[in-house]
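Q: no sequence for this one, just the structure:
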């Protein structure tokens, strides 16, 4: 009895006919139909899918495992066959798949998955998130000294698990929220595979925690100061500064800046696909950006030390006014003062572009087309203006219309 694979609704699905009934289970691997060879039941040789060899090997291994399981168990019912398929897909040797074994196999599967929008493997941060979720669930089970399974995931578990993560790891609310969201994804997948019917995690109380991060942006004047800073005697800092400046004048993420090349330039515009989301964006090519790209012959290199080096650059540029920010230190919220340069990172460039563009009066919908934001909710998280700066925008607009005689 052979296990077959095909594409259904954007996923690679395992299927078999048993006693005139079709049984199928999703592998959880997303793939565009045009990337699939239905004759070989393998992923085509697409250059952008860098993990295709691993996925193809995995599919062959699943076929072999299912054949062994089938010969050993000789299933009689549709549910028996489905269980064997699930065991073959997860490499599960035991007859029962529990929460921890499923979390481990689901975590391992992330390495093989492909982002359907970009055609590339999932981001390392996504893979790491599910790996750490499995480790945290395992740690929680040991901490409680009692077995943990699908039926235990309810509101009571939610509060206990949050308390455990805060106590053991001092995580911030947003990090806690990240693992709760990952757990909800895991449980939804378990339900889709008919491993559980527990929906306690869908309670309105079992929700992802999310608080707005108090990040900074650089003003137009600060960006210009950094751009004009003479770093000719510090080439390593100069390269990091130049990459950062492209982000400040384009709104591109750091990885997208590094990916720029001559092929992305069409006349006075940059046309590129965002690595994170797969969104295509068209960005006006400013003279500052052209000069930097030509300086490096349209070939920019990644730098793992860029965030540390940007802090050095901004310190030299005297971006050192004091700012107060609420931060979570060892899980406790404190109000702490920083020199502004201490808070600069590569992503500050993207926030600065969005905020400065907004201050210039460019409509939010237009800026979103440049930055690739899909919703206003996510976009406005990038607008880092305080109350006075918002008031200044209104003041400037009214004064330009000459409607009000505002006292000076």
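A: Sure, I can see it. Note that the structure is a prediction, hence the values are computed from the model and not measured.

Q: from here on, contacts and neighbour counts on C-alpha atoms
A: Fine.

Q: residue 22 belongs to a strand?
A: Yes - under DSSP: H, G, I helix; E, B strand; the rest coil, residue 22 falls within a strand.

Q: and it, how close does it get to residue 294?
A: Distance, residue 22 to residue 294, using Cα to Cα, to the nearest Å: 59 Å.

Q: next: residue 167.
A: Separation of residue 167 from residue 294 (Cα to Cα): 51 Å.

Q: buried ones in stretch 41-57?
A: 41, 42, 43, 44, 49, 51, 52, 55, 56 (16 or more other Cα atoms under 10 Å).

Q: cool, and stretch 22-29?
A: 24, 25, 26, 27, 28, 29.

Q: average pLDDT for that stretch, rounded please.
A: Summarised as a single mean, pLDDT over stretch 22-29 is 90.

Q: what are the contacting residues of it?
A: Applying Cα atoms under 8 Å, 6 or more residues apart in numbering, the external contacts of stretch 22-29 come out as 11-17, 78, 81-82, 85-86, 89, 109, 112-114, 193.

Q: and those residues, which are buried?
A: The neighbour-count test (16+ other Cα under 10 Å) applied to these identifies 11-16, 81-82, 85-86, 89, 109, 112-114, 193 as buried.

Q: count of neighbours near the closest residue in space to residue 242 that isn't next to it in sequence?
A: In this structure, residue 242 finds its nearest non-sequential neighbour in residue 292, 6.5 Å apart by Cα to Cα, 6 or more residues apart in numbering. Neighbour count of residue 292, defined by other Cα atoms under 10 Å: 17.

Q: per-residue confidence for residue 292?
A: So, for residue 292, pLDDT stands at 97.

Q: what does residue 243 give?
A: Among the per-residue scores, residue 243 shows a pLDDT of 98.

Q: chain neighbours aside, what residue packs nearest to it?
A: That would be residue 257: by Cα to Cα, 6+ apart, it lies 7.0 Å from residue 243.

Q: show me what contacts that neighbour?
A: 243, 246, 247, 300 are the contacts of residue 257 under Cα under 8 Å, 6+ apart.

Q: and what of residue 31?
A: Residue 31 neighbours (Cα under 8 Å, 6+ apart): 7, 10, 11, 12, 114, 115, 116, 119.

Q: so what touches the helix or strand containing residue 242?
A: Assigning secondary structure by DSSP states H and E places residue 242 in helix 235-250. Residues outside helix 235-250 that contact it (Cα under 8 Å, 6+ apart): 223, 226-227, 231-232, 252-254, 257-258, 283-286, 288-289, 292, 300, 303, 306, 309-310, 312-313, 346, 349-350, 352-353, 370.

Q: which of the residues in stretch 278-290 are buried?
A: Applying 16+ other Cα under 10 Å to stretch 278-290 flags 278, 279, 281, 282, 283, 284, 285, 289 as buried.

Q: and that stretch, end to end?
A: Stretch 278-290 stretches 24 Å from its first residue to its last (Cα to Cα).

Q: now the host helix or strand of residue 390: average pLDDT?
A: Under the criterion of DSSP H and E, residue 390 resides in helix 387-401. The average pLDDT within helix 387-401 is 76.

Q: so how far is that helix from its chain's centroid?
A: Distance of helix 387-401 from its chain centroid, counting by Cα atoms, centre = their mean, to the nearest Å, is 35 Å.

Q: one more: stretch 309-319?
A: Using Cα atoms, centre = their mean, the offset of stretch 309-319 from its chain centre is 28 Å.

Q: quick thing: my sequence starts at 6, can you match it?
A: With 6 as the first residue, the last one maps to stretch 314-324.

Q: name the residues of that stretch that are buried.
A: Across stretch 314-324, burial judged by 16+ other Cα under 10 Å covers 314, 315, 316, 317, 318, 319, 320, 322, 324.

Q: and if you look at stretch 165-179?
A: 166, 167, 169, 170, 171, 175, 176, 177, 178.

Q: for that stretch, give the mean pLDDT please.
A: The average pLDDT within stretch 165-179 is 93.

Q: what do you get for stretch 351-360?
A: On average, stretch 351-360 scores 96.

Q: so which residues of the stretch 306-413 of the chain form strands?
A: Applying DSSP state E, counting those that start in this stretch to the stretch 306-413 of the chain gives strands spanning 327-334, 337-344.

Q: likewise for the stretch 6-155 of the chain?
A: Remark: strands assigned in the stretch 6-155 of the chain by DSSP E, counting those that start in this stretch are 9-13, 16-23, 26-35, 41-42, 47-48, 119-120, 125-126.

Q: closest one to residue 144 among the ones you listed?
A: strand 26-35 (25.4 Å; Cα to Cα).

Q: ok and the closest one relative to strand 16-23, angle-wise?
A: 160 degrees (axes from the mean of the first three to the mean of the last three Cα atoms, to 10 degrees).

Q: now strand 26-35 against strand 9-13, angle please.
A: 60 degrees.

Q: strand 26-35 pairs with which strands?
A: Applying DSSP bridges, strand 26-35 is found paired with strand 16-23 (antiparallel).

Q: who's in contact with the helix or strand hosting residue 161?
A: Element membership for residue 161, per DSSP H and E: helix 160-174. With contact meaning Cα under 8 Å, 6+ apart, helix 160-174 is reached by 141, 145, 176, 177, 181, 205, 206, 208, 210, 211, 335, 336.

Q: quick check: next helix or strand after it?
A: helix 178-197.

Q: the helix or strand following that following helix to helix 240-255, inter-axis angle?
A: Using DSSP H and E, the helix or strand that follows helix 178-197 in sequence is helix 225-232. Orientation check (the same axes, to 10 degrees): helix 225-232 against helix 240-255 gives 150 degrees.

Q: now find how far off-centre helix 225-232 is within its chain.
A: Its chain's C-alpha centre and that of helix 225-232 lie 29 Å apart, by Cα atoms, centre = their mean.

Q: all set now, cheers.
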